[in-house]
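Engineer: quick one, fold the following:
(chains A, B and C)
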Amino acid sequence: MVAEQGTPKRLHFDFVGAVLWLVRILAILAVVIGAFVSLTSGRLSAAAWLNFIVIGIGQGAIYALIALGYTMVYGVLGFINFAHGEVFMSGAMVGAFAANSLAQAGMWNSSPILSILIVLLIAMATSTLVALLLERVAYRRLRNAPRLIPLITSIGASFFIQYAFLGLFGAQTRTYPALSILDGFISVAGLNIRYADIMVIGAAVVMMVGLYTFVERTKAGRALRAVAEDKEIAALMGVNVNRVIVLTFAVGGAMAGAAALLFGVVFRTVFFFSGFLFGIKAFTAAVLGGIGNIVGAMLGGLTLGIFESVGPSLVLTGLGIPSAHQLKDVVAFLALVLVLIFKPTGLLGERLSEERA
Amino acid sequence: MALLEINQLRKTFGGLTAIEGLDLHVDEGEIVSIIGPNGAGKTTLFNLISGLFPVDEGEMLFAGQSLNGLFPNQVTELGLARTFQNVRLFPNMTVRENVMVAQHCRTKSGILRSILRTSKFRHEEAEIKARAEEVLGFFGSRLVGYRFDQPAFVLSYANRRRLEIARAMGTDPTMILLDEPTAGMNPKETTELTGLIGKLRDDHGITICMIEHDMQVVRGVSDRVICLDYGRKIAEGTYQEVATNEQVIEAYLGRKATDAAS
Amino acid sequence: MAQTTKTPTAAPPGDLPPTRQNFVDLVKAAEWGLVGGATATFVSAIGMVPDFDGRTLIDPFLTLGYLVLFLVPFAFGYMAARPLPTLEGQEPVRVGPKNVLAGAIAGTVTGLVLFVPTLVAVNFNLRSVFVNLSPAMADTLTLGQSLGVGLLLLVVLCLVAGAMGAGVNVIPARWRVPVMTGLLWVLTVGLLEDLATQLLRGLNLDALVGVFFAPGGGLKPAGAIIVFVLVFSLQLVFQRRPPGLKARYQALDQSERRRWTIILIAATAVIVYLIPIVLGGFMSEILDLVGIYLLMALGLNIVIGFAGLLDLGYVAFFAVGAYMTAVLTSPGSPALTPELTFWAALPFVVLAAALSGVLVGTPVLRMRGDYLAIVTLGFGEIARILFLSDWFDPVFGGAQGITQIPSPSIGPFEINTPPQFFYPIIVMVFVAAYISWALANSRIGRAWNAIREDEPIAEALGVNIVTAKLSAFVVGAALASFAGALFASKIGAVFPNSFSIIVSIIVLVIIIVGGMGNLAGVAVGALVIVGLPQLLREFDEYRFLLYGALLIFMMLAKPEGIIPSRRRVAELHQEEMSQDAWLTAEPESELDEARTTPATAKD
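Structural biologist: Take a look at the predicted model:
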């Protein structure tokens, strides 16, 4: 009977496995060869490379703050909130209006710290509001739906918010007024670190530490972790699941708002489409660090920032590809694909809960 | 002759050892029951055999062919089908389609043939359909007639279990692994299914290895019983031998009780 | 659960009173009005109302702008006046004037909220921030009257609209459908005036144009009444559906059936042949675009609707098709000098797309659904950036793209005008629809279904996941590449920016609106999603906003699409069904199981 069925041929050949190994090997080869060629060519000095890294860290810190929103919603509700990039954009856009009116009133340069704090508050409030509206209007009714349904909804929400902002505020790019105290840099060991980067990294670290303490040390944070673990059991234990979910969106939104201000002060321009690419990259950062993991978001953000800043110059130019800077976004997307191929759980493993277990 | 042979199997999840140094064989035409307390590693064993989990150590042979490193569909293709503890049908496909899917690895039509609707394709389709209906007829009138075109999710619990067995039969297996086939059934249904399991072997020549908690069922059909505890085999033999084995009683009643008794 | 026979569950005493009061919450109605006001303010502030004011629907009463504006109090009035839902075994609630009052209150509140943007726009200049909060908007909102009179009029009209919305709840069910369908048709005919006049002219019925339509645009009141009465009476007559045509067709014997099939095909062919001739150049242009998107939607439907793989980078295959065609056929392409004809290039184009399908499909094969979505989205963007980059400039021409793509020709006939292009496109659409149908009812289609429902189990049952998923990607990619090839040769040029993520999203919206897995639904989806914004240029600025809203709405209200396939309905409402089953659950017995869905624990 067995003999009749015959032995399937090539039983042990795993096509997908083979291709993935090929991709892994090619990726490593490309990185090694590209880096080797770049570094030995002496095209850029060591200090220049380090500068790339510092700029990358600055950019990465912003990714990290946005990534928190993805990671927290994913940890608690288990779906990708694709519209989170727009939550970020909304803060940046409204922040730009606030900053400009402060500049018109002359406050922006006379008392810069105070103005930044005011704009920070406004940006955070806007982003939080947008995130909460999203939750209330779009996601609340989908809590038990199969996970692709809220994902598709969030894609719809993403476009809706973008084009609502286009309609409300127009298509033109809005600029933040220049902040003179952020001009200039300090030199450490031949390395020029811009004040702006210092501010971004410092602010991001403060936010992260604050959030970490909140999640790990407070009662609300404990409730949040309980809901992430198991919604039904948490509800049985007396946790108000609804409130925790709202809180999750609020905190994610607030972090995106903070990121929006930092982005505005450093990059200075924002338009209705700014959130899209930034959002996808922040999501990449979240996956890179292990989605659902708060520390992972920080780590993933920084890693992605560095990849993006160093990668084109180090690897792509080393491989002889012209105008490598055009391919910056490709690097980010490739990073996402490679992470999911090499280590799908990300650097620090998935889910909020596994930290505990 | 041993149809399924397992040597020194080991599987750990992180620090937890699920299967340790397990030797096991099932002969052709046999019905073997695997019993053991919850968490003894029974379902893990099935998952290893059917290729859902990779094996850490040891070797599994089915009809002389190694199963190590095969994908689940390849294991099924070799003629080793299985059912699942927590019935997993394709709920929105019809009863007939559920079984027709099972014929996938026995048929060949590809995209081109499906598009061109060659005579070979139509012939094969008709055969698949006939085979599915034949298999569903195994359960008497329960899954035939108007049931063919009902989506699987309208079925009763017992019928879902039956359909799952039918689906496994639909892959034309030489051996079926049944994971708690009678769980959740009432006594009448259990008795009926016990009879059918015997028939599966006697009439269709399918070798059976099953995990079962209901000792009536185990006693009713098993040629041989194997008891697992903490991933190891602690007893093997006829139902009587195993049921009276001291280690087995200890495993089921708990160590404390026997410690206190001795 | 439609087929469930009612099980009169013994209601707990005192829980459900035998006769129910018509409970209408007026405070709640005011709250609905507030939400409505916010919505109406939003619609005005993004510029929709003044922009749409230019299109007259019914001359001189109604423009599209006012339709959009007053649709808001209408909808919220409807919501506010909805009676309590009727549970099984209960007597339905009697609706009455109280419901209309609730609707009127909601409408009034909406109108009052609209004072805010109007007064702001009149008194302050915030146009550096809110670009559309302009005097023009205020003028539209006050209906061109002075501020005081205009505001009063606005509130009164909102009140009326709210009451009318509430009225939908109040008219007896027998009349509701004909009235609503009649109104809908009037608005549709008014909206699609260009199409309607073109159709009448194409059919040599020029005289009728003047009867229905005003010279300045829009339906004449008389025309509107004719349309309404016509549709209304047709609806009334045909409320009882004639016995199913399909059943009658199946009752025919073999030879008769064959004859009817041939007649049907011939009739379709004639109609298809006449369409571009009747509709003329401009409409054909739109139909060509609809057809190209429809082709893509049919392909993506295989990937998402059949196999359950949410591919958001589908535009990449479209781009590969277009660029391969360009490189192989255009004398203007930098690479590959020996140029082929369109038809000679086609096999290579499809081959390249299939190859790229494997290339994209393989790394994502073992990924979970949501990761797959984001990664494919990444691939789509990577493709676009690579086409744009200096790196591939020698092959793809960078930002300048590739021009001078020749038109295809059949024998001596060259296909280069929009009406001519309609034929190859429609033929491809039919082929794609046939392929979809053939694959759905085959071994591979069942394997896709099984994977969508439960991947690990499908694999354990012997389905080769790798082949099945890759073949879905390959078939989808091939159909998209056809669309790309037709697109490239129709436009005559390709530019990297034609292939942005937005194309993928549009195709996704088409299949979601049309109903995943359903071919007729997808066709309707393509007409509405792609055709309508082309026809109504006002929509162009807001189309993505509307697509987004549509996606959210569909997921919340009808995840199975407007014209769903039966299977999808079952799948997406399964949760509900098993909940219903709890209500009607009986002790499980062999006889009853056909009628109940036992809510067994899912894993």
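Engineer: where in the chain is pLDDT low?
Structural biologist: In the absence of a named chain, chain A is used. A:1-13, A:190, A:349-357 (pLDDT under 70).
Engineer: oops, chain C please
Structural biologist: Using pLDDT under 70, chain C drops low at C:1-23, C:86-92, C:239-246, C:336-337, C:517, C:559-603.
Engineer: state which helix of it is the longest.
Structural biologist: Secondary structure of chain C per DSSP state H: the longest helix is helix C:254-300.
Engineer: what packs against it?
Structural biologist: Counting contacts by 3 or more C-beta pairs under 8 Å, 6 or more residues apart in numbering or on different chains; DSSP states H and E, helix C:254-300 packs against helix C:193-202, helix C:245-251, helix C:418-440, helix C:465-491, helix C:501-514, helix C:519-526, helix C:532-535. The C-beta positions use only the backbone N, C-alpha and C, and glycine is treated the same way.
Engineer: kindly recompute the last result at 6 Å.
Structural biologist: Packed against helix C:254-300 by the contact rule (3 or more C-beta pairs under 6 Å, 6 or more residues apart in numbering or on different chains; DSSP states H and E) you find helix C:193-202, helix C:418-440, helix C:465-491, helix C:501-514, helix C:519-526.
Engineer: rebuild these as TSV, extending it with mean neighbour count and distance to chain B.
Structural biologist: Shown next, in TSV, are the helices and strands packed on helix C:254-300 (neighbours: other C-beta atoms under 10 Å in any protein chain shown; distance: least, C-beta to the nearest C-beta, whole Å):
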stretch	mean neighbour count	distance to chain B
helix C:193-202	18	35
helix C:418-440	19	5
helix C:465-491	26	6
helix C:501-514	25	18
helix C:519-526	23	15
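Engineer: rebuild those helices as CSV, extending it with distance to chain A.
Structural biologist: What follows is the helices and strands packed on helix C:254-300, written out as CSV (distance: least, C-beta to the nearest C-beta, whole Å):
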stretch, distance to chain A
helix C:193-202, 25
helix C:418-440, 20
helix C:465-491, 5
helix C:501-514, 7
helix C:519-526, 14
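Engineer: the longest helix of chain C relative to helix C:193-202, how many degrees between them?
Structural biologist: 140 degrees (axes from the mean of the first three to the mean of the last three C-alpha atoms, to 10 degrees).
Engineer: between helix C:501-514 and helix C:254-300, find me the angle.
Structural biologist: Angle, helix C:254-300 to helix C:501-514, by the same axes, to 10 degrees: 140 degrees.
Engineer: the inter-axis angle of helix C:254-300 versus helix C:519-526?
Structural biologist: Taking the same axes, to 10 degrees, one finds helix C:254-300 and helix C:519-526 inclined to each other by 50 degrees.
Engineer: after helix C:254-300, which helix or strand is next?
Structural biologist: Note on helix C:254-300: by DSSP states H and E, the next helix or strand toward the C-terminus is helix C:315-329.
Engineer: now A:G58: closest residue in space that isn't a chain neighbour?
Structural biologist: A:D197 (3.7 Å; C-beta to C-beta, 6 or more residues apart in numbering or on different chains).
Engineer: kindly report the residues of chain C close to chain A.
Structural biologist: Within chain C, the positions lying close to chain A (C-beta under 6 Å from any C-beta of the partner chain) are C:45-47, C:129-131, C:310, C:362-363, C:365, C:369-371, C:375, C:378, C:381-382, C:385, C:389-391, C:466, C:544-545, C:547-549, C:551-552, C:555-556, C:559.
Engineer: among these, name the buried ones.
Structural biologist: Among these, those classed as buried by neighbour count (16 or more other C-beta atoms under 10 Å in any protein chain shown) are C:45-47, C:129-131, C:310, C:362-363, C:365, C:370-371, C:375, C:378, C:381-382, C:385, C:389, C:391, C:466, C:544-545, C:547-549, C:551-552, C:555-556, C:559.
Engineer: which of the residues you listed fall in helices?
Structural biologist: Going by DSSP H, the helices hold C:45, C:362-363, C:370-371, C:375, C:378, C:381-382, C:385, C:466, C:544-545, C:547-549, C:551-552, C:555-556 from those.
Engineer: for the residue nearest the centre of chain A, give me its contacts.
Structural biologist: Nearest residue to the geometric centre of chain A (C-alpha atoms, centre = their mean): A:A282, 2.0 Å. Applying C-beta atoms under 6 Å, 6 or more residues apart in numbering or on different chains to A:A282 gives the contacts A:63, A:66-67.
Engineer: helices along the stretch 151-262 of chain B, start to end?
Structural biologist: With DSSP state H, counting those that start in this stretch as the criterion, the stretch 151-262 of chain B has helices at B:157-169, B:187-204, B:215-221, B:239-243, B:246-253, B:255-261.
Engineer: residues touching the longest one, excluding its own?
Structural biologist: Among residues not part of helix B:187-204, those counted as contacts by C-beta under 6 Å, 6+ apart are B:31, B:158, B:182, B:206, B:208, B:217, B:220-221.
Engineer: assign the residue nearest to A:A297 when sequence neighbours are not counted to helix, strand or coil.
Structural biologist: The shortest distance from A:A297 to any non-neighbouring residue, by C-beta to C-beta, 6+ apart, is to A:A67 (4.0 Å). Using DSSP: H, G, I helix; E, B strand; the rest coil, the structure places A:A67 in helix.
Engineer: now do A:A67: how many residues are near it, please.
Structural biologist: A:A67: 35 surrounding residues under other C-beta atoms under 10 Å in any protein chain shown.
Engineer: can you pull out the strands in the stretch 251-357 of chain A?
Structural biologist: With DSSP state E, counting those that start in this stretch applied, the stretch 251-357 of chain A shows strands at A:269-270, listed in chain order.
Engineer: before we move on, the earlier item: so which of the contacts of helix B:187-204 is the closest to A:L22?
Structural biologist: Checking these against A:L22 with C-beta to C-beta, the nearest one is B:I206 at 40.6 Å.
Engineer: now stretch B:153-161: how far from the chain's centre is it?
Structural biologist: Distance, stretch centre to chain centre, for stretch B:153-161: 18 Å (C-alpha atoms, centre = their mean, to the nearest Å).
Engineer: ok, now stretch C:262-281?
Structural biologist: On the basis of C-alpha atoms, centre = their mean, stretch C:262-281 sits 24 Å off its chain's mean C-alpha point.
Engineer: again with stretch A:166-178
Structural biologist: In terms of C-alpha atoms, centre = their mean, the centre of stretch A:166-178 is set 22 Å apart from its chain centre.
Engineer: which residues touch it?
Structural biologist: By C-beta under 6 Å, 6+ apart, stretch A:166-178 touches A:96, A:99, A:103, A:108, A:264, A:268-272, C:45-47, C:130-131.
Engineer: then stretch B:98-114?
Structural biologist: B:76-77, B:89-90, B:121, B:124, B:128, B:132, B:135, B:152, B:166-167, B:170-172, C:438-439, C:442-444, C:446-447, C:450, C:461-463, C:471.
Engineer: report the rounded mean pLDDT for that stretch.
Structural biologist: Averaged across stretch B:98-114, the pLDDT comes to 84.
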